[in-house]
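[1] Just a sequence and a predicted model for now, questions to come.
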Amino acid sequence: MKKLVVLLSIIPAIGSLTVINRVEPYILGLPFIVFWAAAWLILTSVCLYISSVIYEREGENE
């Protein structure tokens, strides 16, 4: 599970360096690079919450 979390954390960094390094198109009035950063900020918070719930459940089972 930890390897999966590490792998998923690398995706936004690789994507931001190779794929989304441009201003066009605009999404929700933001340049794509700013939208990408904001989206991953929100997604990171969601993923951390989900992982904390999973780790708490694993701790209860032990």
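    Cool, got the structure. Because the structure is predicted, anything quoted here is derived from the model rather than measured.
[2] how about P25, phi and psi?
    Comment: the main-chain dihedrals of P25 come out as phi -90, psi 170, following degrees, to the nearest 10.
[3] So for it, what's the nearest residue that isn't a sequence neighbour?
    Closest residue to P25 in three dimensions, ignoring its sequence neighbours and counting by C-beta to C-beta, 6 or more residues apart in numbering: F32, at 5.8 Å. For the C-beta atoms, the positions are set from N, CA and C on the backbone; glycine is no exception.
[4] so which strand or helix has G59?
    Using DSSP states H and E, G59 sits in helix 32-61.
[5] Could you list every helix and strand that that helix packs against?
    Packing contacts for helix 32-61, counted by 3 or more C-beta pairs under 8 Å, 6 or more residues apart in numbering; DSSP states H and E, involve helix 2-18.
[6] Quick check: mean pLDDT of the helix or strand following the helix it packs on?
    Heading C-terminal from helix 2-18, the first helix or strand you meet, by DSSP H and E, is strand 26-27. Computed over strand 26-27, the mean pLDDT rounds to 84.
[7] which residues sit against strand 26-27?
    Residues outside strand 26-27 that contact it (C-beta atoms under 8 Å, 6 or more residues apart in numbering): 32, 35.
[8] need the contact list for A38.
    If you count contacts by C-beta under 8 Å, 6+ apart, A38 has them with L30.
[9] Model confidence score at it, please.
    The predicted local distance difference test score for A38 is 88.
[10] try I42
    Each residue has a pLDDT score; the one for I42 is 91.
[11] now swap in K2 and tell me
    According to the predicted model, the pLDDT of K2 comes to 66.
[12] same question, the one 4 residues further on
    Listed pLDDT for V6 reads 69.
[13] Repeat that for I50.
    On pLDDT, I50 comes in at 86.
[14] Run a quick neighbour tally on it.
    For I50, the number of neighbouring residues by other C-beta atoms under 10 Å comes to 11.
[15] Could you do W36 as well?
    W36, neighbours per other C-beta under 10 Å, totals 18.
[16] Look up how far I10 lies from it.
    In this view, W36 and I10 are 15 Å apart by C-beta to C-beta, to the nearest Å.
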